[in-house]
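# Coordinates for the following, if possible.
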Amino acid sequence: MADEAGFQKNQPKVLKAWAFYDWANSVYSLVITTTIFPIYYSAMTTLSDGERIPVRLFGRDFNADAVYGYSLTLSFLIVVFLSPVLSAVADGIGNKKFFMKLFCYLGSLSCMGLALFSAPENVLLGLFFSVLASVGFWGSLVFYNSFLPDIATHDRQDRLSARGYVLGYIGSVILVIICMFLIQFVAKGSGQTQLFTRLSFVLTGLWWMGFAQYSFRHLPNLSKENVNKNEQFSGRLFSKSFREVLRVGRELFADRNLKFFLSSFFFYSVGMQTVFLMSTLFGKNEVRLDDGKLMLTLLLIQLEAILGALFFSWLSKKIGNKNVITIAVALWIVACVAAYALDTDSPGAELYFYAIAGIIGLVMGGLQSMSRSTYSKLLPADSSETTTFFSFYDVLEKIAIVLGTFVFSTLIEKFSHMRYAALSMSVFFLAGLVLIRFVNADVLRPKPQA
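Residues are numbered from 1 along each chain as shown. Prediction:
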């Protein structure tokens, strides 16, 4: 099947190249966002006696964990403002591969730049590259995702998307295992733990940039013709893109079920994404797990998230999406309250943390997958704006992360620990739990085939 420009869809080599970019870029999520960089950041801001080193910023000292959280707030705030504009570029101007390359190189080079973070004195340099890597990662995904309907027919898109997800998971786990081997065995034997950890950041950037070349080589150059080049990045593009976001938001919130679902999704995403992003520092600084145990726990959470997605998908066929989301959000509340109640000085604190991590792993993948599929079911069946609707969904999730990380970090700064911050997330989950109950379950049931 060919599109209007004559490009033949469903070409095996092109589909493989698209999915392979997940193999390339997913290492950022696992190595930089979830495991090795947060652990390294904690180590670099902690003295040998366990006392934390404050970060000097704007003429005053801040809690190091709070500053890390604020850096996440900043990176996602940038992404929130960029996403609508980048989506407009992808849909209206074209030249997707050029912009995908641009953000890929920004992200991968920034990962390598993290290797320059070699002492507490240059912690802000490390956070600077961390923010740039995040912008590069999410920016490249806008153009990566927009390729999907261009290269695959509708009946192939779900399978291709799942293929990319699996490749990304496998690739990221392989690199994390390599990095863990270097840090836990090679480095400790030579007394060069810091050096090999920084080498892991370089390997992450090289992996991302290197394997992306296969995708860039085979993905098509789908550029728009007859575009006024002088208007590509004009103020008109910015204002138009944000007006489009507001228009879509008004249209979606005019539907009662979508209004309650999206409101619920926003509130529980505040808690879910924030807890996941800050969980590594919680395990390191509150529970004081050693690096090896913490990295292994985080890997197991990733695996459990996949199993959780499969389990909740099966459960939804029995009790429906609405009830599954309700159960998942309730379990998140249990996890947050349990984190607050954790006695870090107790001999059983480590096992207690593993139990909390087990709950998080189970509901993380399940709630994410259920949210997207539920949203898809609630959208108008005859609409041609599916891509635009999901762009709004993604922007809403990023705004939730901005709010969540800001609240979490502010409470860390105020109380100098994470327990109250973790408890505060239960308030957002509770709001999401109440709102989801107003969604009409009947509209989520499968329509009978004619």
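
# What count of nearby residues applies to Phe238?
Around Phe238 sit 14 other residues, with neighbours defined as other Cβ atoms under 10 Å. To be clear about C-beta, it is placed using only N, CA and C from the backbone, and glycine gets the same treatment.

# Now Ala254: phi and psi?
Backbone torsions for Ala254, taken as degrees, to the nearest 10, come to phi -70, psi -20.

# What's the separation between it and Leu315?
Ala254 sits 31 Å away from Leu315, taking Cβ to Cβ, to the nearest Å as the criterion.

# more neighbours, the two?
When Ala254 and Leu315 are compared on other Cβ under 10 Å, the one with more neighbours turns out to be Leu315, at 17 against 9.

# roughly how far apart are the more buried one and Val363?
Relative to Val363, Leu315 is positioned 12 Å away (criterion: Cβ to Cβ).

# does Ser118 really touch Gln194, like I thought?
Yes. Using Cβ atoms under 8 Å, Ser118 is in contact with Gln194, at 7.1 Å.

# now Val334, nearest residue through space, not along the chain?
Spatial nearest neighbour of Val334, excluding adjacent residues (Cβ to Cβ, 6 or more residues apart in numbering): Ile359 at 6.4 Å.

# So that neighbour: helix, strand or coil?
With DSSP: H, G, I helix; E, B strand; the rest coil as the basis, Ile359 sits in helix.

# what sits against it?
Listed by Cβ atoms under 8 Å, 6 or more residues apart in numbering, the contact set of Ile359 reads 331-332, 334-335, 338.

# of those, closest to Met272?
Sorting the contacts of Ile359 by how near they are to Met272, with Cβ to Cβ, puts Trp332 at the top with 6.3 Å.

# Report the residue spans of this structure with pLDDT below the cut-off.
Within the chain, the set of residues satisfying pLDDT under 70 comprises 1-6, 89-94, 158, 189-190, 223-235, 237, 381-387, 443-450.

# Export the contacts of Ile359 as TSV, with columns for neighbour count.
As requested, these are arranged in TSV below (neighbours: other Cβ atoms under 10 Å):
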residue	neighbour count
Leu331	18
Trp332	26
Val334	14
Ala335	27
Ala338	17
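
# Out of those residues, which comes closest to Phe438?
Among the contacts of Ile359, Trp332 lies closest to Phe438 (Cβ to Cβ), at 18.7 Å.

# In a strand, that closest one, correct?
No. Assignment of Trp332 by three-state DSSP gives helix, placing it outside any strand.

# Could you name the specific helix or strand carrying the nearest residue in space to it that is not next to it in sequence?
Taking Cβ to Cβ, 6+ apart, and ignoring the residues beside it in sequence, Trp332 has Phe429 as its nearest neighbour in space, at 4.8 Å. Taking DSSP states H and E as the definition, Phe429 sits inside helix 419-436.

# Look at the closest residue in space to Ile306 that isn't next to it in sequence and tell me its secondary structure.
In space, and not counting its chain neighbours, Ile306 is closest to Gly365: 5.7 Å by Cβ to Cβ, 6+ apart. Assigned by three-state DSSP, the conformation of Gly365 is helix.

# ok, Gly365 touching Gly308?
Yes. Under the criterion of Cβ under 8 Å, Gly365 lies in contact with Gly308, with a separation of 4.1 Å.

# which residues does Ser346 contact?
Neighbours of Ser346 in contact, by Cβ under 8 Å, 6+ apart: Tyr352.

# next one: stretch 238-254 to chain centre, how far?
Stretch 238-254 has its C-alpha centroid displaced from the chain centroid by 23 Å (Cα atoms, centre = their mean, to the nearest Å).

# and that stretch, which residues are buried?
By 16 or more other Cβ atoms under 10 Å, the buried positions in stretch 238-254 come out as 241, 244-245, 248, 251-252.

# just the strands in this protein please.
55-57, 60-62 (DSSP state E).

# can you redo these as CSV with distance to Ser373 and mean neighbour count?
Putting those into CSV (distance: least, Cβ to Cβ, whole Å; neighbours: other Cβ atoms under 10 Å) gives the following:
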stretch, distance to Ser373, mean neighbour count
strand 55-57, 41, 16
strand 60-62, 40, 12
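
# Nearest to Ala17, out of the ones you listed?
Comparing these under Cβ to Cβ, the one sitting nearest is strand 55-57, at 41.5 Å.

# per the record, what domains does the chain have?
Segmentation of the chain into domains, based on automatic domain parsing, reads 11-221, 251-450.

# Nearest approach to Arg236 belongs to which of these?
With Cβ to Cβ as the measure, domain 11-221 is the member of the domains of the chain nearest Arg236 (10.1 Å).

# for the closest one, how far is the first residue from the last?
Between the opening and closing residues of domain 11-221 we find a distance of 14 Å, counting by Cα to Cα, to the nearest Å.

# now stretch 247-263
17 Å.

# OK, contacts around the closest residue to Arg288 other than its chain neighbours?
In space, and not counting its chain neighbours, Arg288 is closest to Thr344: 7.1 Å by Cβ to Cβ, 6+ apart. Taking Cβ under 8 Å, 6+ apart as the contact definition, Thr344 lies against 286-288.

# List the residues that contact the residue nearest to Ile306.
Gly365 sits next to 304-309, 312 when contact means Cβ under 8 Å, 6+ apart.

# For the nearest residue to His417 once chain neighbours are set aside, the count of nearby residues, please.
Here the nearest residue to His417 in space, its sequence neighbours aside, is Glu286; by Cβ to Cβ, 6+ apart that works out to 6.6 Å. Neighbourhood size, Glu286 [other Cβ under 10 Å]: 18.

# same deal with Asn221?
Quick note: Asn221 (other Cβ under 10 Å) scores 10 neighbours.

# Could you check how far the closest residue to it other than its chain neighbours is from Phe211?
What sits nearest to Asn221 in space, not counting adjacent residues and going by Cβ to Cβ, 6+ apart, is Lys97, at 5.6 Å. In this structure, Lys97 and Phe211 are separated by 16 Å, where distance is defined by Cβ to Cβ.

# How about the contacts made by Asp22?
Asp22 sits next to 164-165, 167-168, 171 when contact means Cβ under 8 Å, 6+ apart.

# any idea how far it lies from Cys179?
19 Å.

# do Ser346 as well
Between Ser346 and Cys179 the distance is 31 Å, computed by Cβ to Cβ.

# repeat for Leu206
From Leu206 across to Cys179, the span is 12 Å (Cβ to Cβ).

# Looking only at neighbour counts, state which of the two leads.
Cys179 (23 against 14).
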